[in-house]
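J.: need a structure here:
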Amino acid sequence: MRITRRQGLAGLGLSGLGLATLGRSAAQAQPAWPNRPLRFIVPFAAGGPVEIPARFIAEALGPKLGQPVVVETRPGAGGALGVQAVVQANDPHTLLFTTSSVAIVPALMSNPGYDPFRDLVPISMVSEAPMVFLAKPDHPIQDLADLLARARARPGRISYASSGVGATTHLGGALLGVRAGIDLLHVPYRGAGQAINALYAGDTDLLVIGTLEALTHIRDGRLKAIAVTSATRSPVLPETPAIAEAVPNYDMTIWYALFGPRNTPPDIVTRLAQEIAPLASGTTLATRMAESGTTLLLDGPTRLATRLQAEVPQWREVVQKAGIRTE
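T.: Residues are numbered from 1 along each chain as shown. Modelled structure (predicted):
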């Protein structure tokens, strides 16, 4: 059967139309992101300090993306349950807004239900702040040098309160013990409130607590600051030494960060980082953070990825050397 020139051209036209249709179908099968509301999963109880920046950033991000961003709290297992929810969803519409606990939990649990390197994609550091070692004003420990000297002279006799076994406040003291070669007695309590009350009652020598909670007690003169846990002094406590001034390689801050699940495409990571970056200055959140001794970062994935790579093995080392058990 002969095919005329006219028939051949018509066939080519139909073929081109078919390819165009297929192209449109493929595009329709992969809709632009986001195409529905986003969720920030916060793996801690409602009302906690991490929820404040999460809600502020969610409210600011929604109009930029054209979709609402909902903050959802999923507490449990030191933050592991919330991380698991994000990992299992494996959808870039479900993001993780968490703390430095994401690097600590794998050292404390044999099976936390996630691998921070395999299952999470860094989007941006959000903020970081040091913790503070506190004592009552009349306590004989006067400063950091005095603390270290007394701890070396009386191993296991200087006690510190924390908000619980495996909490960042616990590990701040454990890291000091490992880096300084001293033996501090850890006394865990159920939450920061009980730990603060224990210090006031004289049940412990020291308390390790976040800067935000510490400032109120320091400024009204009820407690004194012995040292901060960051590598350098805090702008809101300039007279208080950083532990790193006397103990090399000591650096610990409580940080907040935004992660995506493992299959989050690079272009989504880039867009999210770019959209939230302007919130780092000139905003109500930036002012509130600075007043509490917290540095707002929002500087993209590189710093967060580097931090995770450094801290996961660090906490495994500290947990092992300090003999910390939570399971």
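J.: would you list every one of the strands in the stretch 151-300 of the chain?
T.: For the stretch 151-300 of the chain, the strands defined by DSSP state E, counting those that start in this stretch cover 159-162, 185-188, 206-210, 224-228, 253-261, 295-296.
J.: Could I get the contacting residues of the most centrally placed residue in the chain?
T.: Against the mean C-alpha coordinate of the chain, by C-alpha atoms, centre = their mean, the closest residue is residue 99 at 2.2 Å. The contact partners of residue 99, taken as C-beta atoms under 8 Å, 6 or more residues apart in numbering, are 44, 50, 79, 168, 254-257. From N, CA and C alone the C-beta is placed, and that goes for glycine too.
J.: In TSV, list the residues you listed along with distance to residue 268 and pLDDT.
T.: Formatted as TSV, the contacts of residue 99 follow (distance: C-beta to C-beta, whole Å; pLDDT from 0 to 100):
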residue	distance to residue 268	pLDDT
44	25	92
50	22	92
79	23	90
168	29	94
254	27	95
255	22	96
256	20	97
257	16	98
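J.: now, which of those sits nearest residue 37?
T.: Set against residue 37, the nearest of the contacts of residue 99 by C-beta to C-beta is residue 50 (20.4 Å).
J.: Name all residues that make contact with the closest one.
T.: 42, 44, 97-99, 256.
J.: Check which residues of the longest strand seen in the chain are buried.
T.: Ranked by residue count and defined by DSSP state E, the top strand of the chain is strand 120-135. Neighbour counts over strand 120-135 (16 or more other C-beta atoms under 10 Å) mark 120-135 as buried.
J.: Listing partners with orientation, what would you give for it?
T.: strand 206-210 (antiparallel), strand 224-228 (antiparallel), strand 253-261 (antiparallel), strand 295-296 (antiparallel) (DSSP bridges).
J.: next one: the longest one to chain centre, how far?
T.: Averaging C-alpha coordinates over strand 253-261 and over its chain gives two centres that are 4 Å apart (C-alpha atoms, centre = their mean, to the nearest Å).
J.: again with the first one
T.: Relative to the centre of its chain, strand 206-210 is centred 18 Å away, using C-alpha atoms, centre = their mean.
J.: what's in contact with that strand?
T.: Here strand 206-210 has contacts from 49, 129, 131-135, 141, 147, 158-163, 168-170, 172-173, 192, 195-196, 198-199, 223, 226, 229, 254, using C-beta under 8 Å, 6+ apart.
J.: All the helices of the chain, in order from the start?
T.: 5-29, 51-65, 80-89, 101-108, 144-153, 168-180, 192-200, 211-219, 266-276, 284-291, 301-322 (DSSP state H).
J.: List the neighbours of the second one that are in contact with it.
T.: When contacts are taken as C-beta under 8 Å, 6+ apart, the neighbours of helix 51-65 outside the stretch itself are 34, 38, 40, 42, 44, 68-71, 73, 97, 126-127, 256, 258, 272, 275-276, 279, 283-285, 288-289, 296.
J.: Dump the C-alpha coordinates for that helix into PDB.
T.: Output of helix 51-65 as PDB, limited to C-alpha atoms (Å, rounded to 0.1, in the frame of the first residue of the first chain):
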ATOM      1  CA  GLU A  51       7.000  26.200  69.000                       C
ATOM      2  CA  ILE A  52       7.500  30.000  69.100                       C
ATOM      3  CA  PRO A  53       9.800  30.300  66.100                       C
ATOM      4  CA  ALA A  54       8.100  27.400  64.400                       C
ATOM      5  CA  ARG A  55       4.800  29.300  64.400                       C
ATOM      6  CA  PHE A  56       6.300  32.600  63.500                       C
ATOM      7  CA  ILE A  57       8.200  31.200  60.500                       C
ATOM      8  CA  ALA A  58       5.100  29.100  59.400                       C
ATOM      9  CA  GLU A  59       2.900  32.200  59.400                       C
ATOM     10  CA  ALA A  60       5.500  34.200  57.400                       C
ATOM     11  CA  LEU A  61       6.200  31.400  55.000                       C
ATOM     12  CA  GLY A  62       2.600  30.600  54.000                       C
ATOM     13  CA  PRO A  63       1.900  33.700  51.900                       C
ATOM     14  CA  LYS A  64       5.300  33.300  50.200                       C
ATOM     15  CA  LEU A  65       4.400  29.800  49.100                       C
END
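J.: pretty sure residue 226 is touching residue 145, no?
T.: No - using C-beta atoms under 8 Å, residue 226 makes no contact with residue 145, being 10.0 Å away.
J.: Compare these two (neighbour count), which wins?
T.: The neighbour comparison of residue 226 against residue 145 (other C-beta atoms under 10 Å) goes to residue 226, with 24 against 14.
J.: Find me the pLDDT at the more buried one, would you?
T.: We have a pLDDT of 98 for residue 226.
J.: Not counting its neighbours along the chain, what's nearest it?
T.: Closest residue to residue 226 apart from its sequence neighbours, by C-beta to C-beta, 6 or more residues apart in numbering: residue 133 at 4.3 Å.
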